[in-house]
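# How does the following fold in three dimensions:
(chains A, B, C, D, E and F)
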Number of protein chains: 6
Amino acid sequence: MSLHPPATAVRAAVERALAEDLEPLGDLTSALVPEGAWARGAIAARAPGVVAGTRAAATAFALVDPTVELTWLLDDGRAVAPGDVVARVEGPLASVLTAERTALNFLCHLSGVATLTRRFVEAAGAGGRARIWDTRKTTPGLRALEKAAVRAGGGANHRGNLSEWVLLKDNHLAGVGIGEAVAAARRRWPGRTVEVEADRLDQVRQAVAAGADLVLLDNMTPDEVRRCVEERGPAPRPLFEASGGIDLASVADYAATGVDHISVGALTASAPALDLGLDLEAVAGEEGRR
Amino acid sequence: MSLHPPATAVRAAVERALAEDLEPLGDLTSALVPEGAWARGAIAARAPGVVAGTRAAATAFALVDPTVELTWLLDDGRAVAPGDVVARVEGPLASVLTAERTALNFLCHLSGVATLTRRFVEAAGAGGRARIWDTRKTTPGLRALEKAAVRAGGGANHRGNLSEWVLLKDNHLAGVGIGEAVAAARRRWPGRTVEVEADRLDQVRQAVAAGADLVLLDNMTPDEVRRCVEERGPAPRPLFEASGGIDLASVADYAATGVDHISVGALTASAPALDLGLDLEAVAGEEGRR
Amino acid sequence: MSLHPPATAVRAAVERALAEDLEPLGDLTSALVPEGAWARGAIAARAPGVVAGTRAAATAFALVDPTVELTWLLDDGRAVAPGDVVARVEGPLASVLTAERTALNFLCHLSGVATLTRRFVEAAGAGGRARIWDTRKTTPGLRALEKAAVRAGGGANHRGNLSEWVLLKDNHLAGVGIGEAVAAARRRWPGRTVEVEADRLDQVRQAVAAGADLVLLDNMTPDEVRRCVEERGPAPRPLFEASGGIDLASVADYAATGVDHISVGALTASAPALDLGLDLEAVAGEEGRR
Amino acid sequence: MSLHPPATAVRAAVERALAEDLEPLGDLTSALVPEGAWARGAIAARAPGVVAGTRAAATAFALVDPTVELTWLLDDGRAVAPGDVVARVEGPLASVLTAERTALNFLCHLSGVATLTRRFVEAAGAGGRARIWDTRKTTPGLRALEKAAVRAGGGANHRGNLSEWVLLKDNHLAGVGIGEAVAAARRRWPGRTVEVEADRLDQVRQAVAAGADLVLLDNMTPDEVRRCVEERGPAPRPLFEASGGIDLASVADYAATGVDHISVGALTASAPALDLGLDLEAVAGEEGRR
Amino acid sequence: MSLHPPATAVRAAVERALAEDLEPLGDLTSALVPEGAWARGAIAARAPGVVAGTRAAATAFALVDPTVELTWLLDDGRAVAPGDVVARVEGPLASVLTAERTALNFLCHLSGVATLTRRFVEAAGAGGRARIWDTRKTTPGLRALEKAAVRAGGGANHRGNLSEWVLLKDNHLAGVGIGEAVAAARRRWPGRTVEVEADRLDQVRQAVAAGADLVLLDNMTPDEVRRCVEERGPAPRPLFEASGGIDLASVADYAATGVDHISVGALTASAPALDLGLDLEAVAGEEGRR
Amino acid sequence: MSLHPPATAVRAAVERALAEDLEPLGDLTSALVPEGAWARGAIAARAPGVVAGTRAAATAFALVDPTVELTWLLDDGRAVAPGDVVARVEGPLASVLTAERTALNFLCHLSGVATLTRRFVEAAGAGGRARIWDTRKTTPGLRALEKAAVRAGGGANHRGNLSEWVLLKDNHLAGVGIGEAVAAARRRWPGRTVEVEADRLDQVRQAVAAGADLVLLDNMTPDEVRRCVEERGPAPRPLFEASGGIDLASVADYAATGVDHISVGALTASAPALDLGLDLEAVAGEEGRR
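Got it, this is the predicted structure:
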């Protein structure tokens, strides 16, 4: 359940995507498909990865033609190897071809996000117990879907948007001290997470003293991160987040520092699409329909 | 002009992106910024690349607060080196911080598309005169913006959507011959481009004989592409497009075949974001305002 | 039928409400509900009142998860006592919990409007035969739903919006006499209701003489209203409407004047929500499903 | 700044409200206003309260006619006494009359929310230092605007929606223990607030032991609340929230218990509109324009 | 004022129209216009008629490029002869060409509606004093704009939609008598216009006796209409409406019967576009800009 | 399939149309229909023509009430004579009456477009083999539906919008020669149709020499068109399009010239609605339901 985005967000995104691919004239080429031609096929992985976006893909076929039948064999979050079938598809050939690209655009992009997330999760796991977090560097209009894909990949969601929690960066302070700013945040937005960005150890100390829930260690080396985490001592709080330029090569080193979270903008901003395709058997005429 | 997407598409995309980043409570953190604090800064490149998405970024600031002033130094399509300033920003600190991420998400993603396109264009240029084409593998909801970014990068746009031209693939034929299918396409959709996908040389011959405008050579090696192109002889038509798994390492080889177009799904489906950031000087109090 | 708002208005309002409650990450808490957990329960009144908003509530559950089953025992317009069951609910526990608040927000707010309307209707009935009318003081975005709730409560709808009938207030006249203004209204908008606001008896006389369909008696005492109504004599027209600060304590006195309608802005602008709740029995595991 | 809702949410809500009040024919009555007639006036309070919704009201006038000039004397959050002028209005009479009701519907409803909030804040202040919190019992479609109005009234915002923080109620547990559920929440949604609803003292103890950030004391008497708060001892965490049927008469007693937050659904679900009106001087002819 | 549709309706319609003409790639051809080329021109009538839709046309240019300047010489409702200039246009050539067709589509269609209306108004004027009414046979999505165009042509608006007044046709009665149905309408929808469709004289008598506000005489000859109108005698009410197959050839005969209104579905359902065009002088280079 | 517009475009258009006909109060008159009354009837042609818009009409009934059953006897593109039944309708009387006008507005307008198209197609067929093309002179908001109706009538679609192909008119050239402009179009927009407007024979020669795909012969007499077509000689390219003021009387003469396409703005801009109506048998009470 938590691996899927809200149903209203999925439907709105798919309606937009179909409109941009079909209007004004519809699918010129499918219009040439012989009347009654039938399609039977499978959406299959062509590269190893993790599936996400099945709800959006299903919605794309349903909005083009509710008589197309999809049978999902694998849900969001499942790992796939090349050749693994994610879903079986059957229906009027013209409809299947019209919906194919829109469905795959969601599936490949979101599976790409899930796959890159899984790679970071596994690389971090080699170093320690740090969780991989996404960021707000999402593709405009797809925030809900991409954050769900991160969860499908085994990552966790940093704040959903600016409305969810307080994250005080240097610029927000504008001359105000960290302690004073955290106190102001508690007064104005009681009950919610207050995070403080720290570039240096003395800022970390101020953030801890101020009672921040989270400390964002920005652009530090693994060694610097380790020193900051040690500053916390045995206390369960605050949690520490390492961020800034961490890649698959370095994530294990950061994880090994004992930091609680490692946030990676690339999960949503730079994930290559996962290669999935629709392999079809087209049958002319009504006899294609069993 | 042609480097920018339609104004209505930009505005709709930015409204959606701001809503998903700000609702329901708005920017919790900017609410803590001292009254009257002022910001002055610059959007600058942190990596080499090509700029795209300036209209969307400008719209993000304008919709959050029309009093924020942006001065654009570089337009879509311009190459940047690390440190190059794309735009100067000045306005109320809280507003600038609220709009920052949405503006950058557009700018970084679309500049990433433009940058990857430029790399393919340059790599192909080493091999020949082939043009780089995008595909319909775009991020759902951003078709218009990503296709404009491809143009900014020096690429050209394959069909905008299923409604623009006919592209007959194997499945569309469903037992009908290529010649018959092209003739049907001409009857049904007179005046527009008819393209035929060919996997083998005999199909290329049929497509040429059928009078196709474009022949898509799918998943062929450079040598196979070269043989197909030679099949055309000195005639100006049809144009040939090579497609399928062509990357930066192989694009020059394909370009050297004399093929007219090389289409690359990765331009829009797998472009890493270009790193651009907003460097701010925050000034507390009204004196920040000159 | 007439007690329900248009289906398109209901769907649009519910989609907006779900989006604002669920995006971007969805229901964090329901995501923790054990897989397969099942819910069985009832929406029941916790205070006496009149039901409205059942279509919106049903739509909320359906858009979150079409497998949730609702059985409505009471339709819009039915009176309820504490403990009365309005609908039975059964479905996946996570889905039911996710939709619960949105469904109840519609049901409680609109039932609150219907309940307050019924109280005014009953209080007015003690004094005479005057009908209770709503106004345009509705909650922005919910005009159609609130006006339907007024009908469910036994009230009637004053004009739906500015586009429905002419209501000449002092400011509209801007120096033009009532007779002249009514004639202009008849010329410009023939066939529709023309109402004139009157603050004094001489204005009432002018409105009657001008052939107005309705006369709005604004901010008058019951005695003043009675005198105005007597001015009409035995003629069936115009109808008189009393308006302005009429509350549950005074509405019977106004009704006793023989006035035809009493309009009350509070029906939609100040109705407290009716307390309805969802009482659930949650069953872990698939065995919860009969 | 934090007192206002996001600009995109305001604009969308006002566009919907104008459409529902004006379409299809527009304002029949304003169409009868003499050409060139001019209006000068003021939006003034007719009852004591707290102002909210000024951005929405301003947007309503601007979208009807950008030449109408508004001068705001009082911003969201300011207390008003009867007669206090909130804004001065000047412009074409027909436009002012067309926008009036939509602007006032926002202003009166949202000021009503702010006013009721302020009354709770003041009543609670007599008892202790507890903060007044809103709930998710908001009017569908107006979540962002109503939550901003609560802030304008001096209250604070409980979670913005289901996507913001975890709130484990009895039904979510479905047989799972509190400790286990909190741990699951921390794993799935690290970094964010986890709140636990408790009906009895033993549940409070479990929630404290589980390390919840917030404990919701549901439907308890002040004495019961006091006992629960004492359970926490001198520790800064968790924070306690009292909820359920708390009204203006009892809120001071709850505040006196030392509880940190008192949440009140009525703030947004049952706030009567604040009476504000537009007093106009209409001047026929262009000479009205200074 | 009353000649224009609501501003929100205009903007929404124009945004949709631009999106459908420009997405996804924008205006391919204008992209080829030389940088800095400037346009100066005029929108002029090429056939005699009545202007409508100026607000929509202006909005089309403004949304494409706010720097395009339009100077309107003639407002909605003004008669034009071939060659008459409606507006002067000046701005970047590419922008003017991009917006041209969308602006003209509104202007030509809505002026066509206004022109046909004017022709009916003038033809009816030869016969009597009957007003010309539109119907609900409008183009889907353009109700507000077409009804405004009818007003611009000198016609009046029959009910705006199903929500505005009651019109009892034979099917609605479903066995119930006219008197009973009118009484039910008065109870359910007090204060608003109640119209009854009559096919025969005895139904007219029943409608008059029932106190209907309007009687719709459906598909009658002028003689039949005259007999029905005489039935009313000297009373001011009800008003009579003739409807059904009335064209420019017969409208004067109907008007001569003394009927109050003549409704014509063709005004909005079958009005040919009025021929208006944009005559441009294009100037290459910045020197085009004065 | 190709005769229908994209499903998403249909649904969006019908939702808008229902909203504008029903909000805010719903169908006042249907609300008076006796509970349980049932309707059985048929949508039938009252004039000869060609059907289009069946998908939109079906969607209108379905969105008002999914229990209304429609059985379509004739699909888009079928010719009808007066009395021919297009669909049978059965369902709750109130729902059928509420949806009737919206469904018919689509059906009559779009069938009008298809019918006029068919008349042009037949008239042209008398002269030669030229295809009838629509233009971009469509009703704003209905581009996709009207272009589908043209196909239903046997016409073909000129470019769907400005984004589909290049059409160089005199103004676009702005001093640049035709050859240079076509070459620029090929560079910027490779692979797609490039059309050149020609007013004179020398421009036709330039367009042919430049390798245009299409030449638009604007406002020429049939003799002038014939001379231009002869200019092409036996080559298959470019195709020639005649345009400008061609009506039913002259279209055969143009077709006889050997021109390939004749485009007619009137197909979508000036098609009178086709008269189709819903003939109902209303049955009071549940016994109406078989």
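
# can you count the residues close to residue A:125?
Here the count is done by other C-beta atoms under 10 Å in any protein chain shown, and residue A:125 has 15 residues near it. Every C-beta, even on glycine, is put in place using the N, C-alpha and C of the backbone.

# Which residues are in contact with it?
By C-beta atoms under 8 Å, 6 or more residues apart in numbering or on different chains, the contact list for residue A:125 reads residue A:255.

# and chain A, what are its domains?
Following automatic domain parsing, chain A resolves into domains at A:7-120+A:272-288, A:127-269.

# From the chain's centroid, how far away is the last one?
Put plainly, it is domain A:127-269. Mean-position distance between domain A:127-269 and its chain equals 17 Å (C-alpha atoms, centre = their mean, to the nearest Å).

# So that domain, near chain B or not?
Yes: applying C-beta under 8 Å from any C-beta of the partner chain, one finds domain A:127-269 in contact with chain B at A:136-144, A:161-169, A:171-172, A:174-176, A:181, A:184-185, A:188-189, A:192, A:265-266, A:269.

# coming back round to it: turn the domains of chain A into JSON lines, including distance to residue C:127.
Listed next are the domains of chain A as JSON lines, based on distance: least, C-beta to C-beta, whole Å:
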{"stretch": "domain A:7-120+A:272-288", "distance to residue C:127": "47"}
{"stretch": "domain A:127-269", "distance to residue C:127": "49"}
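
# closest to chain F out of those?
With C-beta to the nearest C-beta as the measure, domain A:7-120+A:272-288 is the member of the domains of chain A nearest chain F (2.9 Å).

# For chain B, tell me whether that closest one is touching it.
Yes: judged by C-beta under 8 Å from any C-beta, domain A:7-120+A:272-288 and chain B are in contact via A:13-14, A:16-17, A:20-34, A:37, A:39, A:56, A:93, A:97-98, A:101-102, A:104-106, A:108-109, A:112, A:272-273, A:280, A:282-284.

# Please state the offset of that domain from the chain centre?
Using C-alpha atoms, centre = their mean, the distance from the centre of domain A:7-120+A:272-288 to the centre of the chain it belongs to is 19 Å.

# quick one: is that domain near chain D?
No: applying C-beta under 8 Å from any C-beta, one finds that domain A:7-120+A:272-288 is not in contact with chain D, the shortest distance being 10.4 Å.

# Let me know the average pLDDT across that domain.
Per-residue pLDDT values across domain A:7-120+A:272-288 average out to 95.

# does any part of it sit near chain F?
Yes: Domain A:7-120+A:272-288 is in contact with chain F by C-beta under 8 Å from any C-beta, via A:15, A:18-19, A:22-28, A:30-33, A:35, A:63-65, A:94.

# Going by neighbour count, which of the residues of domain A:127-269 next to chain B are buried?
With burial judged by 16 or more other C-beta atoms under 10 Å in any protein chain shown, the buried subset of the residues of domain A:127-269 next to chain B is A:136-144, A:161-169, A:171-172, A:174, A:176, A:181, A:184-185, A:188-189, A:192, A:265-266, A:269.

# What about the residues you listed, which are in strands?
Under the assignment DSSP state E, these contribute A:166, A:167, A:168 to strands.
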